[in-house]
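Undergrad: 3D, please:
(one chain, ligands or ions: 2)
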Amino acid sequence: MTEPTVSSESFSFKAETKQLLNILIHSLYKEREVFLRELLSNASDALNRMRFEMLTEQNVLDKEAELRIRITVDKEARLLIIQDSGIGMTRAEIIENLGTIAQSGARKFIEAAKEQKSDFAQVIGQFGVGFYSIFMVAESVRVSSRSFRPEAAAVSWYATGEDNFEVTAADMAERGTKIEIKLKEDAAEFADEYRLKNIIHKHSDYIGFPIYLGAEEKPVNKQTSLWRTARPEITEEQYADFYRQLTLDFEAPLLRTHNVSDAPVQLYTLLFVPGKGERGMFSVRKEDGLKLYSRNILIDEYNKDLLPEYLRFMQGVVDSEDLPLNVSRETVQASGLMPLLKRIVTGQVFKELENLAKTDPEKYQAFWTEFGGYLKQGIASNAAEADKIQPLLRFRTNLHPENWSALEEYVGRMAEGQKTIYYIVGDDPKSVLRSPHLDYFHKQGTEVLLLTDAMDSFMLMGLHQYKEFELQNVAQAELPEQPQTENEAEKIPETDFNALVERFKQTLSERISDVRASTRLSQSVARLVDPEGALNPEMQRVYKYLGKDFEVSKKILELNPSHPILKTMAGLAPASELQTLIIEQIYDSALLAEGLHPDPSSMVQRIQQLMAAALGTAKE
Ligand code: ADP
Ligand code: MG
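TA: Numbers count the residues shown, from 1 in each chain. Ligands and ions are numbered 1, 2, ... in the order given. Next up, the predicted model:
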């Protein structure tokens, strides 16, 4: 390899790149071999881009040249050369791409490398700085390149991993990029063809262009993309590797579906449900969407038209033979084929999820915990697809608060003659169980869905019915039968009760719209309900979550005429201070039960007074 010529120009690497190089050069990585994967992946990108350009561009250098990668070695000289016939780089491009462009990935990689200590270099490519992994094995590197644009001159880049790199004119006639690596002494193994062959099989077998080694005429790699490889030939490790490469998600995916179909369209899909609902900090998928290929050519990195929006957490690749090749990315979107592809791909996802729910309920719960919110959103925004989504929904209920139940299971457990699916909305699954609205249902042993997720209220906008069963909020539901009237003797006599109601009205005055007797409370003293015509409770929540101003209609306070506390109160002389305290506390407790109390700690003072009174130490 020649030393840089005098006419060369020197550039300084970006600060974070310097730091990155420093880490790579001085750390001991076990799997240094991945540098080859990175270089081959760059070559493959460059070839892909070339093929894509040629769809529309006629004026191309070496138009007829085979799209391929060639690797040669000189063992004695510890030299490894990787040459592709890809898109190449102009002088400006090489300066920018290999050194001066600011790389957010570099900083992220540095942080991650510090924390993870382990073999982090393995996934360096996913930070968008894969090229620099070359310095794990290189003493020096020369990159020569000739752009596909016939007018551009060849250029050469030289670096040793120090702070600077040199750029000179190069003498290169053919299109593409050639990378010459002078290997470090302890990296001589990478100038061995046999070793290289193994690395290619392990990491780069499915690169879609032939990789020739030495003078061999036959490519080393299989060349099919993983998604085009027959399933039985793929190992779990290859799938795992592919997923990690795609997403830089260190957690294994929850689910995978790999399909090949010929009719009605020629289609390959390899899709994953990630392990977590939130995209990881290091995720390389910067947007939602699937990678769309047409006959192995990447048409769209983030295609959002292949799945409904609520399935946007899916990751993976879709490749169709039937997308017309002479199309731009824009016209692919408009192509009549897209709706059909979307139907098929969506169908595959649903089939896989249904299957999981059936065959591995435990794993399905893990899915539900992470992604249930997306499906609920699907119901809210695609009422038309509710039928498809409903069977995938899971709920906690008052009778099975620890488990997730499907609507089908709820229906299966219904009492004879029950026509309604009941639910309650609230803020958290524990406190909602103590809601006074559940008194009647607890007593009857009727099952009620506990909807305590913010998304639930939105979901309810599109979920009114499951099969022939209507859904109803227990706070508003018409009861199927009036609860058995308690022994009349248990109740407060009517005149006393009316007097008590008056005391409540006077004390609470403007804060409520009415006070009345309830027929359906048993354990609870009181509950708050909405007056006729008010926005239903879930819509109130929707407005609250959306931060919309709306007039909260005043509530009606319903009292339990058989409750011992009220009975005792009815017997007391009216208008004592203690009674006022109790009325206030009953109201506050009801607010609290509804999740509506604006300032619960304000109750502490009053509760102390009540305790003192209970102990007979109240100051009169
Ligand atoms: P990434 O591949 O994620 O963009 P890399 O650090 O691997 O990041 O490569 C940096 C850039 O250098 C590439 O985006 C590309 O523009 C350019 N590059 C690297 N190798 C080649 C090549 N063989 N042919 C053309 N351009 C290349
Ligand atoms: Mg790369």
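
Undergrad: I179 falls within a strand, correct?
TA: Yes - counting by DSSP: H, G, I helix; E, B strand; the rest coil, I179 is found in a strand.

Undergrad: Give me the three-state assignment for the residue nearest to it when sequence neighbours are not counted.
TA: Spatial nearest neighbour of I179, chain neighbours left out: I82 (4.7 Å); criterion: CB to CB, 6 or more residues apart in numbering. Quick note: C-beta positions are derived from backbone N, CA and C, even for glycine. Put simply, I82 is strand when judged by three-state DSSP.

Undergrad: Can you list the low-confidence ranges for the stretch 351-500 of the chain?
TA: Residues of the stretch 351-500 of the chain that meet the criterion pLDDT under 70 lie in 481-489.

Undergrad: any idea how this structure splits into domains?
TA: With automatic domain parsing serving as the domain definition, the record reports that the chain contains domains spanning 8-213, 226-328+336-359, 361-473, 488-528+553-619.

Undergrad: just so I know, which of these lies nearest ligand 2?
TA: domain 8-213 (3.5 Å; CB to the ion).

Undergrad: What is the end-to-end distance of the closest one?
TA: For domain 8-213, the separation between the terminal residues is 32 Å (CA to CA, to the nearest Å).

Undergrad: can you tell if it touches ligand 2?
TA: Yes - using CB under 5 Å from the ion, domain 8-213 reaches ligand 2 at 42, 130.

Undergrad: Could you give the separation of that domain from the chain centroid?
TA: Between the mean C-alpha location of domain 8-213 and the chain-wide mean there is a distance of 32 Å, by CA atoms, centre = their mean, to the nearest Å.

Undergrad: cool, stretch 416-423 as well?
TA: So, by CA atoms, centre = their mean, the centroid of stretch 416-423 is 34 Å from its chain's centroid.

Undergrad: need the contact list for the residue nearest the centre of the chain.
TA: The residue at the geometric middle of the chain, judged as the C-alpha nearest the mean C-alpha position with CA atoms, centre = their mean, is G277 (3.6 Å). G277 is in contact with 313, 370-371, 373-374, counting by CB atoms under 8 Å, 6 or more residues apart in numbering.

Undergrad: confidence score at it?
TA: With respect to pLDDT, G277 has a value of 86.

Undergrad: For it, pull up the helix or strand it's in.
TA: Taking DSSP states H and E as the definition, G277 sits outside all helices and strands.

Undergrad: next SSE after the least confident helix or strand in the chain by mean pLDDT?
TA: One helix or strand of the chain scores below all others by mean pLDDT, DSSP states H and E: helix 329-334, with a mean of 62. On the C-terminal side of helix 329-334, the nearest following helix or strand under DSSP H and E is helix 337-359.

Undergrad: how far off helix 337-359 does the very next helix or strand once past that following helix point, in degrees?
TA: Stepping forward along the backbone from helix 337-359, the first helix or strand reached (DSSP H and E) is helix 361-381. Taking axes from the mean of the first three to the mean of the last three CA atoms, to 10 degrees, helix 361-381 and helix 337-359 form an angle of 140 degrees between their directions.

Undergrad: neighbouring contacts of helix 361-381?
TA: Against helix 361-381 from outside (CB under 8 Å, 6+ apart): 254-255, 273, 275-277, 308-313, 353, 356-357, 385-386, 389-390, 392-394, 404, 453, 455-456, 458-459, 461-463.

Undergrad: list the buried ones in that helix?
TA: For helix 361-381, the neighbour count (16 or more other CB atoms under 10 Å) marks 364, 367-368, 370-381 as buried.

Undergrad: With stretch 200-208 instead?
TA: Along stretch 200-208, the positions that meet the burial threshold by neighbour count (16+ other CB under 10 Å) are 200, 203-208.

Undergrad: May I ask which two of those are separated the most?
TA: Checked with CB to CB, the buried residues of stretch 200-208 reach their widest spread between H203 and G208, with 14.4 Å between them.

Undergrad: burial measure for D300, as a count.
TA: D300 is flanked by 19 other residues according to other CB atoms under 10 Å.

Undergrad: Surely it is in a strand?
TA: Yes - the assignment for D300 by three-state DSSP puts it in a strand.

Undergrad: if you go through the stretch 51-200 of the chain in chain order, where are the helices?
TA: Here the stretch 51-200 of the chain has its helices, by DSSP state H, counting those that start in this stretch, at 91-95, 104-116, 193-203.

Undergrad: can you redo those as JSON lines with mean pLDDT?
TA: Compiled in JSON lines, the helices of the stretch 51-200 of the chain are given as follows (pLDDT from 0 to 100):
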{"stretch": "helix 91-95", "mean pLDDT": "97"}
{"stretch": "helix 104-116", "mean pLDDT": "80"}
{"stretch": "helix 193-203", "mean pLDDT": "91"}
